[in-house]
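S.K.: only geometry, no sequence info:
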């Protein structure tokens, strides 16, 4: 936050110093919002990479196309159990409203978007068919500051069949 040297000079709302101070505060606010957006994006990418890291078979140097396709299909179906639980809760009783409707909608939108990406332009994920990237993935301890070492690649269904 900018320093205010003499608060008495800032009495008028249209004074030059007040306008300058307001501009600086707005600039700092925009900068902080951009930082938050960047951190959110890094968290999402980090969670995705961590999901793939946890499900790589032990002792596997690289994955072939069939293993990669199977892993991606497992990734796309990761919310199926939660959707079944929500539908089970909704079927019990005589409620007309949907319980957990917002969570169900978010899951359905995410699942639809990821399936569409995988069918068309490709799903962005770590390159599991590259030896160096697999080594980086194995040695990664989960810290977001090391995400820059990953070379994410868009993999579509047509690349794996």
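M.R.: Received, thanks. Model, not experiment: these values are computed from the prediction. Residues are numbered from 1 along each chain as shown.
S.K.: Run a quick neighbour tally on residue 124.
M.R.: Applying other CB atoms under 10 Å, we find 13 residues neighbouring residue 124. For every residue, glycine as well, the C-beta is placed using N, CA and C.
S.K.: how much space between it and residue 79?
M.R.: Residue 124 sits at a distance of 18 Å from residue 79 (criterion: CB to CB, to the nearest Å).
S.K.: ok, the residue most central in space within the chain to residue 51 distance?
M.R.: The chain has residue 44 as the residue nearest its centroid, 2.1 Å off, counting by CA atoms, centre = their mean. In this view, residue 44 and residue 51 are 11 Å apart by CB to CB.
S.K.: circling back: the residue nearest to the centre of the chain belongs to a helix?
M.R.: Yes. Judged by DSSP: H, G, I helix; E, B strand; the rest coil, residue 44 forms part of a helix.
S.K.: Can you identify each of the strands in this protein by residue range?
M.R.: 123-126, 152-155 (DSSP state E).
S.K.: which residues sit against the last one?
M.R.: Looking back up the chat, that one is strand 152-155. 45, 68, 72, 118, 121, 122, 123, 124, 125, 126, 127 (CB atoms under 8 Å, 6 or more residues apart in numbering).
S.K.: Now the fourth one: closest residue in space, sequence neighbours ignored.
M.R.: Yep, that's residue 118 we're talking about. In space, and not counting its chain neighbours, residue 118 is closest to residue 157: 5.7 Å by CB to CB, 6 or more residues apart in numbering.
S.K.: and the contacts of strand 152-155 as TSV, adding pLDDT and distance to residue 108?
M.R.: What follows is the contacts of strand 152-155, written out as TSV (pLDDT from 0 to 100; distance: CB to CB, whole Å):
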residue	pLDDT	distance to residue 108
45	91	22
68	90	25
72	92	19
118	92	16
121	90	20
122	89	21
123	90	17
124	91	20
125	90	21
126	89	26
127	88	29
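S.K.: filter those to the buried ones?
M.R.: For these, a burial check counting by 16 or more other CB atoms under 10 Å picks out 45, 68, 72, 118, 122, 123, 125, 126, 127.
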